[in-house]
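Novice: 3D, please:
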Amino acid sequence: MTKKQNKFYLTTAISYPNGEPHIGHAYEAIITDTVARFNRLIDKDVFFLTGTDEHGIKMLQTAKKQNLEAKDLANKNAPLFIDMLSKINSTHDDFIRTTEDRHRDACIEIWNRMYENGDIYKDKYAGWYSVRDEAYYEEKELTKDDNEFLSPQGTPVTWVEEESYFFRLSNYQEKLLEYYKKHPEFILPATRKNEVTKFVESGLKDLSISRTTFDWGIKVPNDESHVMYVWVDALTNYLTGANFPHPDYTDKWPANFHIIGKDILRFHAVYWPAFLMSANIELPKIVFAHGFLFNKGVKMSKSLGNVVSPTELINKYGRDQIRYFFLREVSLGNDGSYDDDSITRRVNADLANDLGNLIQRSCSMVAKNCNNIIPTPSTNKTRDDILIDTEITNLSYKILDYLEHIEINKILNDIWEQISALNKYFSDQKPWELRKNNTERMNTVLYTTIENIRKIAIMLQPVIPDSSEKILNLLGVDLNKRKFNDINNKDSVIQSNTIGVLSPIFPKIEISDE
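Specialist: Model (predicted):
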């Protein structure tokens, strides 16, 4: 495999820092971090980018309400997003702020390339605009409520008329449709691809890509009375992170995955590839759109007072527990709902009971009956021993297939099926009875159980990294033998390892009367 083939570049969308981060921001970062960690485990050269989108009228309006300059608001809130990433245990390699000089340089370069290609011209714009979405909409896309027009996202729109630079998006309708056809996995999940295709087939109009009514943004080259439309600015961050326009940006680019919310899919799957085609830059490989999170079945909203802080959930349940819950509970691409009861039930059932109790039972038997040393198995393995070994070994290969489409909840469903099977194996073999009259068989059962806990803990590292590390440390697994290749590596066996000090890895969450 060449160096280029081994690289793996993935991004979140970048967040508006016009307020504090909420659980939706954390959810996207958890998904992306988990994908990054899985790929590091298979020895990919991973580069994971995230950041904040600090320009646009929303930032200006929020800053004005707080008697701040927009730059000061960005400087106040961007660190909150960095802190959130730390709290969820993100392993991002770079955090881009769109107010940085390196990003301005990238935006100017892509603008100039599109201009030189004949795809940018000046005209007058008149149409509907949503400040909250930072998006233009055609009237046919709007709904009316109490004499107010609303966007497809339910946000208010206003009529805007001003001089503007336009991008010849209409020139790219057939090129985009042809690209979607040739690259069926460019947009995932497939249902999202269908909606994007229908939108493009309905006809693309040229896109207004500058504003003159405010100046908080990146100035248009050779015309400082205009600032770039915030989505030209924001989308270019993915190139900035790859070191564009320096020639070595192709060492990272194209991105393997943009992991984004479904509400901004149009910008990433229509506008962004058209900009890149115009600028003669290779397109990202996959745009993956995840769904929304709902609090008790209701979409989060500041006006409803149901916006939840990631810190609040992490402090209450633990960061591995929150990572696990959202990745297991929500089928990526679909919307998901959460509440205290569902988190408590899932964490107690899966982590504390299924996995935690299995570790406690098997390791405590080794401590009491094998002088704390993981025993050596007999060479005469039974059909049951071989079956559980084979099933869990095969799962490691299946995970790599699931990763192609970021089907993390399927990975976890299958892992927990094997944890259930391993629990059944341990209970059916009854090692506590075997110790009375068949020590050799007891040793084989204990070894088989703990060896497969080792394999499972390696697989779970991307999802519950802190807890997986505790399990692997408990089993005395060498720090250099925790990659995917080590799952089935005969040199990675653990017999004769000393079991560490036993303590609950997943304490049960107590359910209060409240």
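Novice: Specify the local secondary structure of Ile505.
Specialist: Reduced to three states with DSSP: H, G, I helix; E, B strand; the rest coil, the structure at Ile505 is coil.
Novice: In contact with it, which residues?
Specialist: Leu355, Gly356, Ile359, Ser467, Lys470, Ile471, Leu474 (CB atoms under 8 Å, 6 or more residues apart in numbering). In short, each C-beta sits where N, CA and C put it, glycine included.
Novice: Put together CSV for those, with distance to Ile259, pLDDT and neighbour count on each row.
Specialist: Converted to CSV, these look like this (distance: CB to CB, whole Å; pLDDT from 0 to 100; neighbours: other CB atoms under 10 Å):
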residue, distance to Ile259, pLDDT, neighbour count
Leu355, 27, 98, 25
Gly356, 30, 97, 20
Ile359, 32, 98, 23
Ser467, 23, 98, 24
Lys470, 28, 98, 18
Ile471, 27, 98, 24
Leu474, 32, 97, 22
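Novice: And those residues, which is closest to Asp320?
Specialist: Ser467 (4.7 Å; CB to CB).
Novice: okay, how far is it across stretch 321-336, tip to tip?
Specialist: With CA to CA, to the nearest Å as the measure, stretch 321-336 spans 16 Å from end to end.
Novice: what about Trp416, how many residues close to it?
Specialist: By other CB atoms under 10 Å, the residues close to Trp416 number 17.
Novice: Helix or strand: which one has it?
Specialist: helix 408-429 (DSSP states H and E).
Novice: Which strands and helices lie in contact with the following helix or strand past that helix?
Specialist: Using DSSP H and E, the next helix or strand after helix 408-429 towards the C-terminus is helix 431-437. Helix 431-437 is packed against helix 357-369, helix 439-460, with contacts defined by 3 or more CB pairs under 8 Å, 6 or more residues apart in numbering; DSSP states H and E.
Novice: What are the boundaries of the strands in the stretch 151-300 of the chain?
Specialist: Along the stretch 151-300 of the chain, counting by DSSP state E, counting those that start in this stretch, strands occupy 158-167, 187-188, 207-208, 210-211, 219-220, 223-228, 257-261, 286-290, 293-295, 298-299.
Novice: List the pairing partners of the fourth one within its sheet, with orientation.
Specialist: Which is strand 210-211. Using DSSP bridges, the strands paired with strand 210-211 are strand 223-228 (antiparallel).
Novice: Would you mind listing where this protein has pLDDT under the threshold?
Specialist: Scanning the chain for pLDDT under 70 picks out 1-2, 299-306, 511-514.
Novice: Dihedrals phi and psi, Asp94?
Specialist: Backbone torsions of Asp94, given as degrees, to the nearest 10, read phi -150, psi 150.
Novice: and the residue of the chain most remote from its centre, how far is that from Tyr249?
Specialist: In terms of distance from the mean C-alpha position of the chain, Asn437 ranks first, at 51.1 Å (CA atoms, centre = their mean). For Asn437, the distance to Tyr249 (CB to CB, to the nearest Å) stands at 68 Å.
Novice: Same list (the contacts of Ile505) but as a markdown table, adding distance to Asn497 and secondary structure.
Specialist: A markdown table is the format used below for these (distance: CB to CB, whole Å; DSSP: H, G, I helix; E, B strand; the rest coil):
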| residue | distance to Asn497 | secondary structure |
| --- | --- | --- |
| Leu355 | 19 | helix |
| Gly356 | 20 | helix |
| Ile359 | 14 | helix |
| Ser467 | 19 | helix |
| Lys470 | 15 | helix |
| Ile471 | 13 | helix |
| Leu474 | 10 | helix |
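Novice: and the next element down the chain from the helix or strand hosting Lys144?
Specialist: Assigned by DSSP H and E, Lys144 belongs to strand 143-145. Using DSSP H and E, the helix or strand that follows strand 143-145 in sequence is strand 148-150.
Novice: List the buried residues for that next one?
Specialist: For strand 148-150, the neighbour count (16 or more other CB atoms under 10 Å) marks Phe149, Leu150 as buried.
Novice: repeat for stretch 460-474
Specialist: Neighbour counts over stretch 460-474 (16+ other CB under 10 Å) mark 460-465, 467-472, 474 as buried.
Novice: swap in stretch 31-49?
Specialist: Neighbour counts over stretch 31-49 (16+ other CB under 10 Å) mark 31-41, 44, 46-49 as buried.
Novice: distance between the ends of it?
Specialist: With CA to CA as the measure, stretch 31-49 spans 13 Å from end to end.
Novice: go on, stretch 250-257?
Specialist: 15 Å.
Novice: start the count at 5, not 1, going forward
Specialist: Sounds good: first residue 5 from here, last item stretch 254-261.
Novice: who's in contact with it?
Specialist: The contact list for stretch 254-261 (CB under 8 Å, 6+ apart) reads 7-8, 11-15, 36, 39, 51, 242-243, 245-248, 285-292, 410.
Novice: now with 10 Å?
Specialist: Outside stretch 254-261, the residues that touch it by CB atoms under 10 Å, 6 or more residues apart in numbering are 7-8, 11-16, 35-36, 39-40, 43, 48-53, 97, 192, 242-243, 245-248, 280, 285-292, 410.
Novice: Buried ones in that stretch, by neighbour count?
Specialist: Lys256, Trp257, Pro258, Ala259, Asn260, Phe261.
Novice: Also stretch 415-429?
Specialist: Quick answer for stretch 415-429 (16+ other CB under 10 Å): Ile415, Leu416, Asp418, Ile419, Trp420, Gln422, Ile423, Leu426, Asn427, Tyr429.
Novice: Next: stretch 58-68.
Specialist: Residues of stretch 58-68 classed as buried: Glu58, His59, Gly60, Ile61, Lys62, Met63, Leu64, Thr66, Ala67 (neighbour count, 16+ other CB under 10 Å).
Novice: And that stretch, how far out from the chain middle?
Specialist: Counting by CA atoms, centre = their mean, to the nearest Å, stretch 58-68 is centred 26 Å from the centre of its parent chain.
Novice: Kindly report the same for stretch 428-446.
Specialist: Counting by CA atoms, centre = their mean, stretch 428-446 comes out at 42 Å from the chain centroid.
Novice: repeat for stretch 175-193
Specialist: 23 Å.
Novice: and if you look at stretch 79-95?
Specialist: Worked out by CA atoms, centre = their mean, stretch 79-95 lies 15 Å from the chain centre.
Novice: again with stretch 65-84
Specialist: 26 Å.
Novice: Any chance you could list what contacts that stretch?
Specialist: Contacts with stretch 65-84, where a contact means CB under 10 Å, 6+ apart, come from 19-25, 29, 55-64, 99, 101-103, 135-136, 218-221, 313, 315.
Novice: if you set the cut-off to 7 Å instead, what comes out?
Specialist: Applying CB atoms under 7 Å, 6 or more residues apart in numbering, the contact partners of stretch 65-84 are 21-25, 56, 58, 63-64, 101, 103, 135, 220.
Novice: quick revisit: looking at the contacts of Ile509, which is nearest Leu146?
Specialist: Within the contacts of Ile509, the smallest distance to Leu146 is 47.7 Å, found for Ser471 (CB to CB).
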